[in-house]
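Visitor: Structure, please.
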Amino acid sequence: MSTTNQRITFRRSPQGLPVPDDFGRDTVPVPAPADRQFLSRTIWLSLDPYYRNVMKNSQIYADRLAPGDPMIGETVAQVVESRHPQFAAGDYVAVRNGWQQYGLSNGQGVRKLDPAAAPLSTALGVLGMPGLTGYAGLVYLGEPKPGQTVVVSAATGPVGSTVGQVARLVGARPVGIAGSDDKCRYAVEELGYAACVNYKQGDLRAQLKAACPDGIDVYFDNVAGDTLAAVLANLALGARVVLCGMIEAYSMDKPPAGPWLGPVVGARATMKGLVVYDHMHRMPEMTRVVGGWIRDGRFRWKEDVTEGLDGAPEAFCRLMRGENFGKALVRVGPETLG
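Guide: Prediction:
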């Protein structure tokens with residue numbers, strides 16, 4: 001095992017879209033675990049849009065960053081040394097090591113992983129926080145009924161693709177919104193969406209009206225902004241709107257002007273905010289249900305993998321520019337040590 005720990009650190013809050021210079025790098029000694037702690041080596045690092053909000057110390061999240069701190073983030077890791085009674089060397093875990101090669105944990109909020117049950121990387125995507133976000137948000141806040149139309153923005157991302165497939169598997173009619181013809185084709189042909197519209201190709205409001213002639217019963221919003229406004233104009237009576245992500249606004253210094261909410265009143269619709277941490281108790285249910293669909297071959301996922309921790313800053317910037325296709329991951333180390 002190495003005696004040094006490479007880290008990607010927080011340097012400054014981005015002005016607009018993040019750039020690689022917003023991050024720093026350092027190397028520190030590998031820490032030793034104290035009593036009831038374990039040390040693990042990072043294998044997979046998850047890149048998620050909400051990190052942009054953490055970088056401006058948004059009040060939504062408990063995480064706070066000071067210059068020089070390692071960037072926060074969910075990871076899959078392997079325990080290399082343990083003084084914790086519930087974890088042993090060799091265990092695979094989902095743990096918040098952040099953007100570094102090694103991390104310490106007291107075991108709180110850590111999940112043990114079975115590498116034989118599913119690929120380890122899925123613990124950061126379809127069987128992790130993005131999967132839980134999509135599953136719990138749709139099932140418990142969106143409450144789709146068979147035959148109803150469910151629209152989801154960022155339809156091929158890790159959260160959106162979960163929402164679309166869960167909607168299909170519970171008997172609803174999923175319609176996606178994505179930013180390229182390739183993504184829309186993937187949504188329909190691979191994920192099973194009934195339709196997908198490319199918001200970059202013409203009037204989104206008109207495209208949604210054509211794809212959803214009976215109106216939109218459930219909208220799962222991952223982007224906010226103009227996309228949300230276009231959806232609100234096409235709501236069905238009694239619609240439910242789940243507000244999950246606001247990627248269009250994450251890189252703005254000031255909140256954008258809100259959409260006109262008259263259609264929400266006219267449709268007698270409800271809008272609910274989703275913070276996944278409120279649903280952590282549903283993680284076992286989600287992994288059981290979605291894991292079963294994966295084993296049955298009815299659920300698919302896609303990953304956008306960057307090799308090496310050094311590539312994390314640029315990969316995160318690509319994510320925030322909307323250039324990724326699939327769950328954004330960084331492979332920090334090998335799954336097994338030879």
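Visitor: Helix or strand for residue 40, just tell me which one.
Guide: Taking DSSP states H and E as the criterion, residue 40 maps to strand 38-46.
Visitor: Counting by contacts, list what that strand packs against.
Guide: In terms of contacts (3 or more C-beta pairs under 8 Å, 6 or more residues apart in numbering; DSSP states H and E), strand 38-46 is packed against strand 75-82, strand 92-95, strand 102-105, strand 327-331. All C-beta atoms are positioned from the backbone trio N, CA, C, and that covers glycine.
Visitor: export those to TSV and tack on mean pLDDT?
Guide: As requested, those are exported to TSV (pLDDT from 0 to 100):
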stretch	mean pLDDT
strand 75-82	98
strand 92-95	98
strand 102-105	98
strand 327-331	97
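Visitor: Heading C-terminal from the strand holding residue 40, find the next helix or strand.
Guide: Going down the chain from strand 38-46, the next helix or strand is helix 50-55, by DSSP H and E.
Visitor: same for that next one, what does it pack against?
Guide: Helices and strands touching helix 50-55, as assessed by 3+ C-beta pairs under 8 Å, 6+ apart, comprise helix 247-250.
Visitor: Show me what whichever helix or strand comes after the helix it packs on is packed against.
Guide: Using DSSP H and E, the helix or strand that directly follows helix 247-250 along the chain is helix 262-266. Judged by 3+ C-beta pairs under 8 Å, 6+ apart, helix 262-266 is in contact with strand 235-243.
Visitor: domain parsing for this structure?
Guide: 4-125+301-331, 129-278 (automatic domain parsing).
Visitor: most neighbours per residue, which of those?
Guide: Of all the domains of the chain, domain 129-278 has the most neighbours on average by mean count of other C-beta atoms under 10 Å, namely a mean of 20.
Visitor: how about the helices in the protein?
Guide: All helices of the chain, identified by DSSP state H, fall at 50-55, 129-136, 158-169, 181-189, 204-211, 225-232, 247-250, 262-266, 283-295, 312-320.
Visitor: Go through these and find the least confident stretch.
Guide: Per-stretch mean pLDDT for the helices of the chain is lowest at helix 247-250 (a mean of 58).
Visitor: circling back to that earlier point, how far does the strand holding residue 40 sit from the chain's center?
Guide: Taking C-alpha atoms, centre = their mean, to the nearest Å, one finds strand 38-46 lying 18 Å from the centre of the chain it belongs to.
Visitor: Okay, angle between that strand and strand 75-82 too, please.
Guide: 170 degrees (axes from the mean of the first three to the mean of the last three C-alpha atoms, to 10 degrees).
Visitor: that older thread, want to try TSV for the domains of the chain, with distance to residue 292 as columns?
Guide: Output for the domains of the chain, formatted as TSV (distance: least, C-beta to C-beta, whole Å):
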stretch	distance to residue 292
domain 4-125+301-331	11
domain 129-278	10
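Visitor: And those domains: which comes nearest residue 289?
Guide: With C-beta to C-beta as the criterion, residue 289 lies closest to domain 129-278 of those, at 7.2 Å.
Visitor: I'd like the helices of the chain as CSV, with distance to residue 73 appended.
Guide: Formatted as CSV, these follow (distance: least, C-beta to C-beta, whole Å):
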stretch, distance to residue 73
helix 50-55, 7
helix 129-136, 11
helix 158-169, 14
helix 181-189, 24
helix 204-211, 32
helix 225-232, 25
helix 247-250, 16
helix 262-266, 35
helix 283-295, 18
helix 312-320, 9
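Visitor: Would you mind extracting the C-alpha trace of the strand holding residue 40 into CSV?
Guide: This file holds the C-alpha atoms of strand 38-46, laid out as CSV (Å, rounded to 0.1, in the frame of the first residue of the first chain):
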residue,chain,number,x,y,z
PHE,A,38,-11.4,2.2,9.1
LEU,A,39,-9.1,3.2,6.2
SER,A,40,-10.2,2.5,2.6
ARG,A,41,-8.7,3.0,-0.8
THR,A,42,-10.9,4.6,-3.4
ILE,A,43,-11.9,2.6,-6.5
TRP,A,44,-14.7,4.6,-8.0
LEU,A,45,-15.6,8.3,-7.5
SER,A,46,-19.0,9.7,-8.3
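Visitor: Partner strands of that strand and their direction?
Guide: In the sheet, strand 38-46 lines up against strand 75-82 (antiparallel), strand 102-105 (antiparallel), strand 327-331 (antiparallel) (DSSP bridges).
Visitor: still on that earlier bit, quick one: which of the helices of the chain is nearest residue 35?
Guide: Smallest distance to residue 35 across the helices of the chain (C-beta to C-beta): 27.4 Å, for helix 283-295.
Visitor: other SSEs contacting the closest one?
Guide: helix 129-136, helix 158-169.
Visitor: export the helices and strands packed on strand 38-46 to JSON lines and tack on distance to residue 52?
Guide: Formatted as JSON lines, the helices and strands packed on strand 38-46 follow (distance: least, C-beta to C-beta, whole Å):
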{"stretch": "strand 75-82", "distance to residue 52": "18"}
{"stretch": "strand 92-95", "distance to residue 52": "22"}
{"stretch": "strand 102-105", "distance to residue 52": "22"}
{"stretch": "strand 327-331", "distance to residue 52": "13"}
